[in-house]
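Chemist: what shape does this take:
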Amino acid sequence: MTDPVKMTECESAAMRTIAFYLPQFHPIPENDLWWGTGFTEWTNARRGKPQFIGHYQPHEPEELGCYDLREASVRAAQADLARRHGVYGFCYYFYWFNGKRLLERPLNDMLTDGTPDFPFCVCWANENWTRRWDGLDREILMEQIYGPADAEDLMLELLTLFRDRRYIRINGRPLLLIYKTHLIPDLASIAAIWRRVAAEAGVPSLYLCACETSDTLDPRSYGFDAAVEFPPHRHQAVSLNAKMPGLSANFDGIVTSYRSHILQSLDRRPPSYPLFRTVMPMWDNTARRQHSGTIFTGSSPELFGHWVEEIVTQTRSRLAGDERLVFVNAWNEWGEGCHLEPDQRYGRQYLEALRDGLAHAQSSVRER
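Modeler: Numbering: from 1, shown residues only. Take a look at the predicted model:
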């Protein structure tokens, strides 16, 4: 581990910020069938309604508008906006169901066109698709099945991504995130298969990272290299429902504190395994879940910027070199009220808070 007091300016500049990126902003036949013709994430976002007095809903985009990710100009504008505000790269959700891919168009077009020239990695979103948004969790739309043959097929599908020069690496090793590792039976054997298939194809050793979306285990115990936080998972929520003026009588979700989440995050003790920290600008998934959603109240660009600065400072003191990563959930989760992209209320303020938080953390290192 590098002593932050002794870091050179060059070393201190090595921090990389990666934002999770949702590709569900273009229509696909499956979503047309399941949710109605023309469905995209904008359909979800428009459903947002205030649940109490002062509740910020719906979230509406500002300068990028209700874009379509099939347009190269949109993807270029996103990358330019991200780069100018301190985002190093995007982590695309990768939807693969036993050989069937969904929402693959933006990623495929980026690979084929070579634009935007912006770093990326992927997170395999390995969970069933259900009618959860309708409250019908048991109705499975796309099922995820696990086994050795499927593990090989998945890795073969990913190899093209890993060979792209823009793909994010840690010490030369392609970074692959898995969203819900606890769903995969005999995970250690599956991880070994992934590593073998990649090695046989001449791809450097994988850097496997487990998202903390369930009870936390040492990822090295099942053949992974590290974990990445995934807020608001792990938050010990205290209900503020009784304090919300004019709370809808139909609301049976939870309103909780954004500030409390930051305090819990900053107070977390470092685990024995490599852990990448994650910040979120805000969270409110009532547009998707309606009356059963979770709302973090009290978010502001100022609080978010403070959180960024502190997490970056912690990361610099605990990790070195290519492992000096911080994630952001998310770049464009509009249906979950969780986005860095400019909206009509705050404009670029959250992006600017990210940029300034990164800069302040670097300045504090230089002053030591």
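Chemist: so where's the stretch 201-350 of the chain shaky on pLDDT?
Modeler: Of all residues in the stretch 201-350 of the chain, none has pLDDT under 70.
Chemist: give me the secondary structure label for Asp80.
Modeler: Secondary structure state of Asp80, per DSSP: H, G, I helix; E, B strand; the rest coil, is helix.
Chemist: the lengthiest strand in the chain packs against which elements?
Modeler: The residue-count maximum for a strand in the chain (DSSP state E) belongs to strand 89-97. In this structure, strand 89-97 packs against strand 16-21, strand 100-102, helix 105-113, strand 120-124, helix 148-162, with contacts taken as 3 or more Cβ pairs under 8 Å, 6 or more residues apart in numbering; DSSP states H and E. The C-beta positions use only the backbone N, C-alpha and C, and glycine is treated the same way.
Chemist: wait, Met244 sits on Pro50?
Modeler: No: counting by Cβ atoms under 8 Å, Met244 stays clear of Pro50, with 10.5 Å between them.
Chemist: which one's more surrounded, the two?
Modeler: Comparing Met244 with Pro50 by neighbour count (other Cβ atoms under 10 Å), the higher total belongs to Met244, at 18 against 13.
Chemist: mind checking how far the more buried one is from Phe52?
Modeler: 4 Å (Cβ to Cβ, to the nearest Å).
Chemist: mutual contacts of those two, please.
Modeler: Val255 (Cβ atoms under 8 Å, 6 or more residues apart in numbering).
Chemist: so where's the stretch 51-200 of the chain uncertain?
Modeler: Checking the stretch 51-200 of the chain against pLDDT under 70 turns up 132-138.
Chemist: so for stretch 105-120, what gets flagged as buried?
Modeler: Residues 105-107, 109-111, 116, 118-120 are the ones in stretch 105-120 that count as buried (16 or more other Cβ atoms under 10 Å).
Chemist: do stretch 335-351 as well
Modeler: In terms of neighbour count (16+ other Cβ under 10 Å), stretch 335-351 has its buried residues at 335-343, 346, 348-351.
Chemist: what's the closest of those to Ser214?
Modeler: Using Cβ to Cβ, Glu336 comes nearest to Ser214 of these, at 18.4 Å.
Chemist: who touches Asn285 in this structure?
Modeler: By Cβ under 8 Å, 6+ apart, the neighbours of Asn285 are 293-294, 335-338.
Chemist: recalculate using a threshold of 6 Å.
Modeler: 293-294, 336 (Cβ atoms under 6 Å, 6 or more residues apart in numbering).
Chemist: turn those into CSV, including secondary structure and distance to Ile184.
Modeler: Listed next are the contacts of Asn285 as CSV, based on DSSP: H, G, I helix; E, B strand; the rest coil; distance: Cβ to Cβ, whole Å:
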residue, secondary structure, distance to Ile184
Gly293, coil, 28
Thr294, strand, 26
Glu336, helix, 24
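Chemist: nearest to Leu175, of those?
Modeler: Glu336 (23.3 Å).
Chemist: how far off centre is stretch 23-42?
Modeler: 21 Å (Cα atoms, centre = their mean, to the nearest Å).
Chemist: pull out the buried residues from it.
Modeler: Per 16+ other Cβ under 10 Å, stretch 23-42 contains these buried residues: 23-28, 30-31, 34-35, 39-42.
Chemist: for the helix or strand hosting Asn44, C-alpha coordinates in PDB please.
Modeler: Taking DSSP states H and E as the definition, one finds Asn44 inside helix 41-45. Output in PDB follows, covering the C-alpha atoms of helix 41-45 (Å, rounded to 0.1, in the frame of the first residue of the first chain):
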ATOM      1  CA  GLU A  41     -36.200   3.900 -19.500                       C
ATOM      2  CA  TRP A  42     -37.700   7.200 -20.300                       C
ATOM      3  CA  THR A  43     -41.100   5.500 -20.000                       C
ATOM      4  CA  ASN A  44     -40.300   4.600 -16.400                       C
ATOM      5  CA  ALA A  45     -38.900   8.000 -15.600                       C
END
